[in-house]
Structures are given as structure tokens and as C-alpha cells.
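Visitor: sequence first, predicted coordinates after that:
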Amino acid sequence: MGNLVNKLFNLEGRTVVLAGGAGQIGFAMAQVLADAGAMVAIADIDSEMANQKIDAVVDADVRSRLKFYHLDVSIKAEVIELFRKIDSDLGNLYGLINCFHFKGNTRKLDTTSNFFAGFEDYPEEAWDLVHNINLKGTFLMSQAAIPYFKKRGKGVIVNISSTYGNVSPNKSIYGKSGINAPVAYSSSKAAIINLTRFIATHMAEFGIRANVLSPGGVFNNQTEEFLNNYNALTPLNRMASAEEYQGAILFLMSDASSYMTGSNLIVDGGWTAW
């Protein structure tokens, strides 16, 4: 690696908090940031998945830079304690990535709730919970991180939105399955984009940058029908792999994007281009 490239992308001496880091996209991001020299605090509600993935990392140096912390992003007291502990354990708090997402299909709620219902029948309970995690969680994490960034004199926040934070879900790709991306997922991910702009414009004077990464769909053993429908609406004619977002997150978290704030970087295979 040349000196200039190393200067732009080297994250040594910097600690990044990656909320939702046990997920498919999140863990791929964690590995590239650790490979660039960062200490990565993976904060996630799924302890088992996170620890299994960390233990399976072959590169010992990368593995040593991945530290797990249990967290429910919707509980303010847990969020505040998380940052206190990470600051004590690792220090040098530099970056925050909010990579968690909740569509409403993995937590036990009232059995009458239908998280994939159409707009007219969408349950209020689902609306509240999805926003409580996706939007409020992003707000709480960013709010808790900022005092540490101010103290350091700089910081970088990257909030993860979605294709469906930029455009409406296309229900045709789900066929007759009865499954769709629910309204609360779309509205919460859209709100994250403007929340990020607010942070960017109000925190710039403190050396804090904030941007959005909007990924497209990631292949995860979806049905053949879904894949055919999705690919047909994507100029690159395929879904992404989680690793294809590693370059984008390294750019956004590093000095390579030092003049970038308040922006929304869309990496979706061209889905929103037509």
C-alpha cells in the first residue's frame, strides 16, 4: 500500500462503535475496519451470533480488534452505559456506525400483529416498535456518542438507511408470498436520512461529520422467485454481497471522506437510477 493510500484509509488508534455489528452487513463492515487498524466495538442484542462470528475470523490480528458488547439500542440507559464502558475499555472514541434494522418479524409481540400487513391494516404496535428501534435507536446512539466526539475534537457518524429509505418498496418483487417491506421500515429508514443531515449541520462546528450509507439488497438465500424479480429491477442484474459494502464504509469512516458530511451515499446496484 502506498503512503498516500495508507494516510487516507488508515484507522489505527481509532475506536469505532458498530451498533448492529453482528448482522450480515454489519459484521462485514466490522472486519474491514479492523483490518484498516481500528478497534471495533460490536454492539448488538444477539450475543451468541456476535461471538460466534468473531471466533470464526481467521485473521488473528483482525479478530483481536473486534470486541463485543451487548446492547438494546432502544433503551437509553444501556446506550449511555455502552459508551461509558467502551471509552473506559478502549478509549479513542472516533466513529459510530448505526447498522441495525428491525422490520418487525423477529420479536415476540401480540400474536394478532401482522408485520407484513398492507397499509390500511398495519398494526399500531408494529409501527411503534419498528420506529422505537430503527429511528429512536439511531437518535439515542448518536446523541450518546457526540459528547465523546466533542471532547476528542472530531468524530464520524455513519447511519445506515436503505433503498427503501429513498424510494418506496416495490411490492411486485415479493410475488404472492404475502411478505413485503412494511411501511414502518420505509418511514423509519427515510427519517434516518434527515436525522443525519440535522446532525451534520448542527455538529460540524465541533469537527463531527455525519453521513448516510444506503445499501441495496443483499443475497441471503432468498427464493428463486424473489431473486428473479429483484434482479430484473436492478441494472447490475443481481443482489449485493455483504462484502461489497466494505469499500463504502471504509471510505465514509476514514480521512478519505474528510470533506463529506450530510450526504447520502447510495450503493444499490443501480436500483434507484431508473
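Guide: Okay, I see it. Residues are numbered from 1 along each chain as shown.
Visitor: the lengthiest strand in the chain - what's its average pLDDT?
Guide: Ranked by residue count, the top strand of the chain under DSSP state E comes out as strand 208-215. Average pLDDT, strand 208-215: 98.
Visitor: return the distance of it from the chain's centre.
Guide: Computed by C-alpha atoms, centre = their mean, to the nearest Å, the separation of strand 208-215 from the middle of its chain amounts to 9 Å.
Visitor: packing partners for it?
Guide: Identification of packing neighbours for strand 208-215 by 3 or more C-beta pairs under 8 Å, 6 or more residues apart in numbering; DSSP states H and E yields helix 124-152, strand 155-160, helix 163-166, helix 183-203, helix 246-253, strand 264-267. For the C-beta atoms, the positions are set from N, CA and C on the backbone; glycine is no exception.
Visitor: okay, the ones you listed in JSON lines with mean pLDDT, distance to Asp61 and mean neighbour count next?
Guide: Below are those laid out as JSON lines (pLDDT from 0 to 100; distance: least, C-beta to C-beta, whole Å; neighbours: other C-beta atoms under 10 Å):
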{"stretch": "helix 124-152", "mean pLDDT": "96", "distance to Asp61": "25", "mean neighbour count": "19"}
{"stretch": "strand 155-160", "mean pLDDT": "98", "distance to Asp61": "23", "mean neighbour count": "26"}
{"stretch": "helix 163-166", "mean pLDDT": "96", "distance to Asp61": "34", "mean neighbour count": "22"}
{"stretch": "helix 183-203", "mean pLDDT": "97", "distance to Asp61": "32", "mean neighbour count": "20"}
{"stretch": "helix 246-253", "mean pLDDT": "98", "distance to Asp61": "16", "mean neighbour count": "21"}
{"stretch": "strand 264-267", "mean pLDDT": "98", "distance to Asp61": "27", "mean neighbour count": "18"}
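Visitor: adding distance to Asn6, write these out as CSV.
Guide: Below are these laid out as CSV (distance: least, C-beta to C-beta, whole Å):
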stretch, distance to Asn6
helix 124-152, 22
strand 155-160, 18
helix 163-166, 33
helix 183-203, 27
helix 246-253, 12
strand 264-267, 22
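Visitor: looking at the ones you listed, which is nearest to Ile86?
Guide: Ile86 lies closest to helix 124-152 among the helices and strands packed on strand 208-215, at 8.8 Å (C-beta to C-beta).
Visitor: tell me what angle the longest strand of the chain forms with helix 246-253.
Guide: 160 degrees (axes from the mean of the first three to the mean of the last three C-alpha atoms, to 10 degrees).
Visitor: show residues contacting strand 208-215.
Guide: Strand 208-215 has contacts (C-beta atoms under 8 Å, 6 or more residues apart in numbering) with 25, 142, 146, 149-150, 154-163, 165-166, 192-193, 196-197, 199-200, 203, 240, 245, 248-249, 252, 257-258, 260-268.
Visitor: then it to CSV, C-alphas only?
Guide: Output in CSV follows, covering the C-alpha atoms of strand 208-215 (Å, rounded to 0.1, in the frame of the first residue of the first chain):
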residue,chain,number,x,y,z
ILE,A,208,-18.1,16.0,13.8
ARG,A,209,-19.1,14.6,10.4
ALA,A,210,-22.3,12.6,9.7
ASN,A,211,-23.3,10.7,6.6
VAL,A,212,-25.7,8.0,5.4
LEU,A,213,-25.0,4.8,3.6
SER,A,214,-28.0,3.5,1.7
PRO,A,215,-27.3,-0.2,0.7
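Visitor: ok so, going back, which of the helices and strands packed on strand 208-215 sits closest to Arg63?
Guide: helix 246-253 (16.4 Å).
Visitor: restrict that closest one to CA atoms and write it as CSV.
Guide: Output of helix 246-253 as CSV, limited to C-alpha atoms (Å, rounded to 0.1, in the frame of the first residue of the first chain):
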residue,chain,number,x,y,z
GLN,A,246,-16.8,-2.7,2.9
GLY,A,247,-15.3,-0.2,0.5
ALA,A,248,-18.1,2.3,1.0
ILE,A,249,-17.9,2.1,4.8
LEU,A,250,-14.1,2.4,4.9
PHE,A,251,-14.4,5.5,2.7
LEU,A,252,-17.0,7.1,4.9
MET,A,253,-15.2,6.3,8.2
